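Visitor: have a look at this prediction, sequence included:
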Amino acid sequence: MTAAAGRRVLNEYVVPAATLLGVLVLWEGATHALHVPRFVMPPPSAILAAGWEWRYHFIAHTWVTLYETLGGFALSILVGVPLAVLIVYSPALKSALYPLIVLTQSVPKIAIAPVLLLVIGHGEIPKVIVAFLVAFFPVVVDTATGLAATPPELLDLSRAYRASAFKTFLKVRLPMALPFFFAGAKVAITLSVIGAVVGEFVGSDRGLGYVILSATSYWKTELAFSSMILLSLMAIMLFGAVALVERLTCPWLAPGSEE
Amino acid sequence: MIRLDHVEKTYRTRRGDLVHALDDITLEVGENEFVTLVGPSGCGKSTLLKLVSGLVPATQGTIHIRGQAVREPFPDVGFVFQQPVLLPWRSVLDNVLFSVEMLGLDPREYRKPAFDLLELTGLAGFEQRYPRELSGGMQQRVAICRALLPDPSLLLMDEPFGALDAMTREEMSLELLRIWEERRKTILFVTHSIPEAILLADRVVVMTPRPGRIARVLTVDLPRPRTMDLEFDARFKAASDEVRGLIFARRKEQP
């Protein structure tokens, strides 16, 4: 290993890991030294222990929240992409739909959640819908931007070659929009997690959001913390999964092949 | 091959203003002739190409190609624009095959011709690269290959070397001439550059703006094959002085 490569590993991995470890040690030490009550601020060791003790429960709760998140995300793509296509291809539909879409975004989702739960009832479906409502906006906007980003020369070319509108869509506009779509999807997957948790906060008896809410009401702060950590890990892994799909479907965007 | 009779084009901008882009254009272009259109911005050169290709209808007058009136886009044409506008997700080879694919032909049958074209334009060995791995000049060569692959009888080029640096530009002009010697076709070539217009053309159409009109059609009386050395030829100098005179005389008249 050269000195430069060694310094890079040091900067990119060793320094952040050491910093994190330092913060945890400081946190652990401070809570003991200052006799901070556990319900105010549990030490990392207690959070870890609580998480381990609850591991089987957590699997079930994580599964519920994951299901709600993925459901909301899938719905936001299934609805968002066709909506973007309609907006780009029809100016009339654009003027009809765009204000509506912006309107749904201007209503705070936390305010919709109780109403939705009241109307649809309990179970996972209302949470899926809240997650969808939070997540679909970036999918629509980014995909529409991508579909409209096709250079007019390419559209002229397709028209000159008498290719059908559908063929032009499939071979030119859709792949052109793909990187934009993924930018929206990456935002959507993280928003979807937030939507699912908000839905659980409003009324549920399952899921990681429910665990946070009920743990805090029983003063079990360490349990709430372990649930939060699981939620963040889930969000990071989902984001990574979308990024991975992007890398696999858009290999031409991969860095490093530049000369 | 192409005949334009008293062609006129007026269009409305988004703000609702009427623009008189072309006025009374009458021009005939022969089979396998290389014609360049030169003039300042706003003289309707690009609009003229769009009219000839049938992408945009004329407001007045008629356009015929090989005796047939142009009323809709006709596919026996190749386009090269100022930007290469390649598809970034396709390899160089697949970008070249794009034209035959959009025409509804079987791309597998055109693999060999595509390789030949890439060879002809000095891109052999780059078939599997992505466009962004190539320089601007190489990307424009790919765009030229794409336009040539279906072997159209008409090539419309809209400032194809306008975005390239001066050295690449000269190199590409000579290369285009070399390709054209090998694969004769009718070329309509729009440019801002007077030397480029003269170097390439059999005839130079000098245009003036607002509304776009043909000021004069010059026959370039220089031997082929041409090289950069022609710039020092007295006939070249005379031609470029004449074109410059036509364009700048008008400017003085209309401050």
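Guide: Thanks, I have it. Numbering: from 1, shown residues only, chains lettered A, B, ... in the order given.
Visitor: how many residues are close by A:F39?
Guide: By the criterion of other CB atoms under 10 Å in any protein chain shown, A:F39 has 13 neighbours. Heads up, the C-betas are built off the backbone N, CA and C, glycines and all.
Visitor: I meant B:T227, not that one.
Guide: B:T227 has 10 neighbouring residues, counting by other CB under 10 Å.
Visitor: quick one: contacts of the one helix or strand A:S214 maps to?
Guide: Under the criterion DSSP states H and E, the helix or strand holding A:S214 is helix A:208-217. For helix A:208-217, contacts defined as CB atoms under 8 Å, 6 or more residues apart in numbering or on different chains pick out A:57-58, A:61-62, A:64-65, A:196-201, A:204, A:221, A:223-224, A:227-228, A:230-231, A:234.
Visitor: for chain A, what's its nearest residue on the stretch 1-150 of chain B.
Guide: With CB to the nearest CB as the measure, the residue in the stretch 1-150 of chain B that lies nearest chain A is B:M102; the distance is 4.0 Å.
Visitor: and that residue, how far from A:L154?
Guide: Between B:M102 and A:L154 the distance is 10 Å, computed by CB to CB, to the nearest Å.
Visitor: over to B:M157?
Guide: 16 Å.
Visitor: re earlier: surely the residue of the stretch 1-150 of chain B closest to chain A meets A:S164?
Guide: No - under the criterion of CB atoms under 8 Å, B:M102 is not in contact with A:S164, lying 9.6 Å apart.
Visitor: between those two, which has more neighbouring residues?
Guide: Applying other CB under 10 Å to B:M102 and A:S164 shows that B:M102 carries more neighbours, namely 24 against 11.
Visitor: check contacts around that one.
Guide: If you count contacts by CB under 8 Å, 6+ apart, B:M102 has them with A:157-158, A:161, A:163, A:167-168, A:171.
Visitor: near chain B, from those?
Guide: Checking these against chain B by CB under 8 Å from any CB of the partner chain, the ones in range are A:157-158, A:161, A:163, A:167-168, A:171.
Visitor: among the residues you listed, which two are most distant?
Guide: For the ones next to chain B among the contacts of B:M102, the farthest-apart pair by CB to CB is A:L157 and A:K167; their separation is 12.1 Å.
Visitor: which residue ranges of chain B form strands?
Guide: Secondary structure of chain B, counting by DSSP state E: strands at B:2-12, B:18-29, B:34-38, B:60-65, B:68-69, B:77-80, B:154-158, B:186-191, B:203-208, B:213-219.
Visitor: need those in TSV (columns: mean neighbour count and distance to B:E119).
Guide: Formatted as TSV, the entries for those read as follows, by neighbours: other CB atoms under 10 Å in any protein chain shown; distance: least, CB to CB, whole Å:
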stretch	mean neighbour count	distance to B:E119
strand B:2-12	17	30
strand B:18-29	18	30
strand B:34-38	25	23
strand B:60-65	17	30
strand B:68-69	10	34
strand B:77-80	26	18
strand B:154-158	23	19
strand B:186-191	24	21
strand B:203-208	23	31
strand B:213-219	16	34
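Visitor: including distance to chain A and mean pLDDT, could those strands go into TSV?
Guide: Formatted as TSV, the entries for those read as follows, by distance: least, CB to the nearest CB, whole Å; pLDDT from 0 to 100:
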stretch	distance to chain A	mean pLDDT
strand B:2-12	15	87
strand B:18-29	16	86
strand B:34-38	18	93
strand B:60-65	13	89
strand B:68-69	15	86
strand B:77-80	6	91
strand B:154-158	8	93
strand B:186-191	13	94
strand B:203-208	21	91
strand B:213-219	24	87
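Visitor: what sits closest to A:G199 if chain neighbours are left out?
Guide: In space, A:G199 comes closest to A:K127 once its chain neighbours are excluded; the distance is 3.3 Å by CB to CB, 6 or more residues apart in numbering or on different chains.
Visitor: list the contacts of that neighbour.
Guide: A:68, A:72, A:195-196, A:199-200, A:204, A:207.
Visitor: which of A:L157 and A:K167 has more residues huddled nearby?
Guide: Using other CB under 10 Å as the criterion, A:L157 and A:K167 rank with A:L157 on top: 28 against 15.
Visitor: ok so that one is a helix residue?
Guide: Yes - following the definition DSSP: H, G, I helix; E, B strand; the rest coil, A:L157 is counted among the residues of a helix.
Visitor: quick check: bridge partners of the residue nearest to it when sequence neighbours are not counted?
Guide: Nearest in space to A:L157, with sequence neighbours left out and distances taken as CB to CB, 6+ apart, is B:F79 at 5.6 Å. Counting by DSSP bridges, B:F79 is bridged to B:L156.
Visitor: what residues are up against B:F79?
Guide: When contacts are counted by CB under 8 Å, 6+ apart, B:F79 touches A:153, A:156-157, A:160, B:53, B:147, B:156-158.
Visitor: can you tell me how far A:A163 is from A:A149?
Guide: Going from A:A163 to A:A149 by CB to CB gives 19 Å.
Visitor: who's more crowded, these two?
Guide: Legend: neighbour count by other CB under 10 Å for A:A163 and A:A149, higher for A:A163 (21 against 13).
Visitor: secondary structure element for that one?
Guide: With elements taken from DSSP H and E, nothing contains A:A163; it lies in neither a helix nor a strand.
Visitor: the closest residue to it other than its chain neighbours and A:L155: what is the separation?
Guide: Of all residues not flanking A:A163 in the chain, B:M102 sits nearest, at 4.2 Å (CB to CB, 6+ apart). Note on B:M102: its distance to A:L155, by CB to CB, is 11 Å.
Visitor: again with B:M167
Guide: B:M167 sits 32 Å away from A:L155, going by CB to CB.
Visitor: got any ranges where the chain has weak pLDDT?
Guide: Just so you know, I chose chain A. Residues of chain A that meet the criterion pLDDT under 70 lie in A:1, A:255-259.
Visitor: I was after chain B.
Guide: Counting by pLDDT under 70, chain B shows low-confidence ranges at B:250-255.
Visitor: residues of it that sit close to chain A?
Guide: Where chain B comes near chain A, counting by CB under 8 Å from any CB, the residues are B:50, B:53-55, B:73-75, B:77, B:79, B:81, B:83, B:85, B:87-90, B:98-99, B:101-104, B:130, B:132-133.
Visitor: pull out the buried members of the residues you listed.
Guide: Neighbour counting over the residues of chain B next to chain A (16 or more other CB atoms under 10 Å in any protein chain shown) leaves B:50, B:53-55, B:73-75, B:77, B:79, B:81, B:83, B:85, B:87, B:89-90, B:98-99, B:101-103, B:130, B:133 as the buried ones.
Visitor: number of nearby residues for the nearest residue to B:V100 once chain neighbours are set aside?
Guide: Nearest non-adjacent residue to B:V100, counting by CB to CB, 6+ apart: B:Y110, 4.7 Å away. Residue neighbour count, defined by other CB under 10 Å, stands at 20 for B:Y110.
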